[in-house]
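Engineer: fold the stuff below for me.
(one chain, ligands or ions: 2)
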Amino acid sequence: MAERVEIFEVGPRDGLQNEARAIPVAEKIALVDCLSRAGFARIECASFVSPKWVPQMAGSAEVLAGITRAPGVRYTALTPNMRGFEDAVAAGADEVAVFGSASEGFSRANINASIAESLERFRPVVEAARAAELPVRGYVSCVTHCPYDGPVAPGAVAEVAVALFEMGCIEISLGETLGRATPEEVAPMLRAVLHEIPSDHVAGHFHDTEGRALDNIDVALEQGLRIFDAAVGGLGGCPYAPGAKGNVATEAVRDRVEARGFATGLDAAVLAEAAAMARQMRQGETA
Ligand code: HMG
Ligand code: MG
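Structural biologist: Ligands and ions are numbered 1, 2, ... in the order given. Got it, this is the predicted structure:
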């Protein structure tokens with residue numbers, strides 16, 4: 001039987017958070033409901049952050065309340081602090097995520113805290129999630145390049161990843177936020193992290209600005225990663241990473257890893273439907 005690769009769908013969160021048009025909650029719900037038929041184990045569809053910082057995610061509680069939950073699918077949310085965590089629990093998130101950075105510049109710009117301060121802010125969130133028996137994921141952004149500080153050393157990534165893992169995050173998602181890395185840059189970063197954390201607790205999160213995300217996924221597959229974040233239709237970007245384009249497209253990752261002999265359990269026809277919906281949302285055609 002083919003070995004499994006999980007694609008963790010982040011389109012309704014990482015994909016949509018950067019869209020300039022205020023996307024109606026009903027459209028977000030329709031996208032998540034379509035994705036729920038595709039075969040994902042997890043769909044990130046909410047973000048309990050300050051609406052002043054990311055206005056697009058303001059309707060996250062309504063999204064979680066309005067979706068039709070498919071059995072076996074976990075609907076996940078970003079939770080930068082205790083306020084976000086409490087709101088996510090009240091809204092019925094099945095899994096939460098804290099998000100830090102391997103670079104000081106991005107940490108400041110994205111969450112208004114130094115790396116050290118952010119880790120102290122995450123600690124009670126991770127503790128509360130574990131007490132509530134909710135899985136908690138830890139993102140590390142800017143794993144190769146930072147829009148403010150330039151190149152990022154592999155050791156700096158490993159340090160933050162280990163801090164989040166030791167704190168109790170079940171999975172560390174390594175964010176190549178800018179989508180500029182080459183496979184030659186990704187490989188040593190992964191080696192540094194995998195020296196410290198078992199590969200089944202590590203996910204790859206690649207943006208595709210330079211069109212190299214699939215090659216970087218190949219490198220990660222070779223190093224043992226079996227979980228990849230992706231956004232249907234290649235939606236995405238980060239409001240605090242100027243110039244970063246979309247996440248790698250879910251349908252492209254599915255095709256690539258299946259061509260490599262892995263099973264994703266994802267239905268290509270449903271993904272195509274969701275990708276078309278995502279593209280329309282980006283263009284505002286359904287508004
Ligand atoms: P702050 O200004 O330092 O926080 O922001 P604060 O505690 O001083 O609060 C400021 C205001 O926000 C207050 O309201 C709070 O009540 C409110 P005011 O008194 O001014 O009216 N507030 C909140 N409101 C709703 N939900 C909350 C919350 N917390 C405070 N949870 C904070 C700190 C972290 C809140 C802010 O910086 C923030 O929300 N940042 C989020 C930025 C973000 O969402 N970025 C995108 C996600 S990360 C990403 O995309 C990368 C990733 O995909 C991986 C990759 O690609 O690398 C994950
Ligand atoms: Mg991202």
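
Engineer: tell me if stretch 234-245 is near ligand 1.
Structural biologist: Yes. Residues of stretch 234-245 contacting ligand 1 under C-beta under 6 Å from any ligand atom: 238, 240. To be clear about C-beta, it is placed using only N, CA and C from the backbone, and glycine gets the same treatment.

Engineer: cool, and stretch 167-174?
Structural biologist: No. Counting by C-beta under 6 Å from any ligand atom, no contacts exist between stretch 167-174 and ligand 1, the nearest distance being 6.8 Å.

Engineer: give me the neighbour count for the residue lying closest to residue 121 once chain neighbours are set aside.
Structural biologist: Residue nearest to residue 121 in three dimensions, not counting chain neighbours: residue 81, with 5.5 Å by C-beta to C-beta, 6 or more residues apart in numbering. Applying other C-beta atoms under 10 Å, we find 18 residues neighbouring residue 81.

Engineer: for ligand 1, see how far away residue 81 is.
Structural biologist: Relative to ligand 1, residue 81 is positioned 5 Å away (C-beta to the nearest ligand atom, to the nearest Å).

Engineer: need the pLDDT of that residue.
Structural biologist: The confidence metric pLDDT takes the value 98 at residue 81.

Engineer: that one and residue 204: what is the separation?
Structural biologist: The gap separating residue 81 from residue 204 is 26 Å, by C-beta to C-beta, to the nearest Å.

Engineer: what is the neighbour count of residue 168?
Structural biologist: Residue 168: 15 surrounding residues under other C-beta under 10 Å.

Engineer: pretty sure it is touching residue 130, no?
Structural biologist: Yes. Counting by C-beta atoms under 8 Å, residue 168 touches residue 130, with 5.2 Å between them.

Engineer: so what sits against both of those two?
Structural biologist: Shared contacts of residue 168 and residue 130, defined by C-beta atoms under 8 Å, 6 or more residues apart in numbering, are found at residue 136.

Engineer: ranges for the helices of the protein?
Structural biologist: Along the chain, the stretches classed as helices by DSSP state H are 25-35, 60-66, 82-91, 104-111, 115-131, 154-167, 183-194, 213-222, 250-259, 268-283.

Engineer: of all the ones you listed, which one is nearest residue 15?
Structural biologist: With C-beta to C-beta, the closest approach to residue 15 among the helices of the chain belongs to helix 268-283: 6.6 Å.

Engineer: how about the CA coordinates for the closest one, as PDB?
Structural biologist: Below are the C-alpha coordinates for helix 268-283, written out as PDB (Å, rounded to 0.1, in the frame of the first residue of the first chain):
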ATOM      1  CA  ALA A 268      -9.000  15.500  -7.600                       C
ATOM      2  CA  ALA A 269     -12.400  16.400  -8.900                       C
ATOM      3  CA  VAL A 270     -13.500  18.000  -5.700                       C
ATOM      4  CA  LEU A 271     -10.200  19.900  -5.400                       C
ATOM      5  CA  ALA A 272     -10.700  21.200  -8.900                       C
ATOM      6  CA  GLU A 273     -14.100  22.500  -7.900                       C
ATOM      7  CA  ALA A 274     -12.700  24.100  -4.700                       C
ATOM      8  CA  ALA A 275      -9.800  25.600  -6.700                       C
ATOM      9  CA  ALA A 276     -12.300  27.200  -9.200                       C
ATOM     10  CA  MET A 277     -14.300  28.600  -6.300                       C
ATOM     11  CA  ALA A 278     -11.100  30.000  -4.700                       C
ATOM     12  CA  ARG A 279     -10.100  31.700  -7.900                       C
ATOM     13  CA  GLN A 280     -13.500  33.300  -8.200                       C
ATOM     14  CA  MET A 281     -13.300  34.500  -4.600                       C
ATOM     15  CA  ARG A 282      -9.900  36.100  -5.400                       C
ATOM     16  CA  GLN A 283     -11.300  37.900  -8.300                       C
END
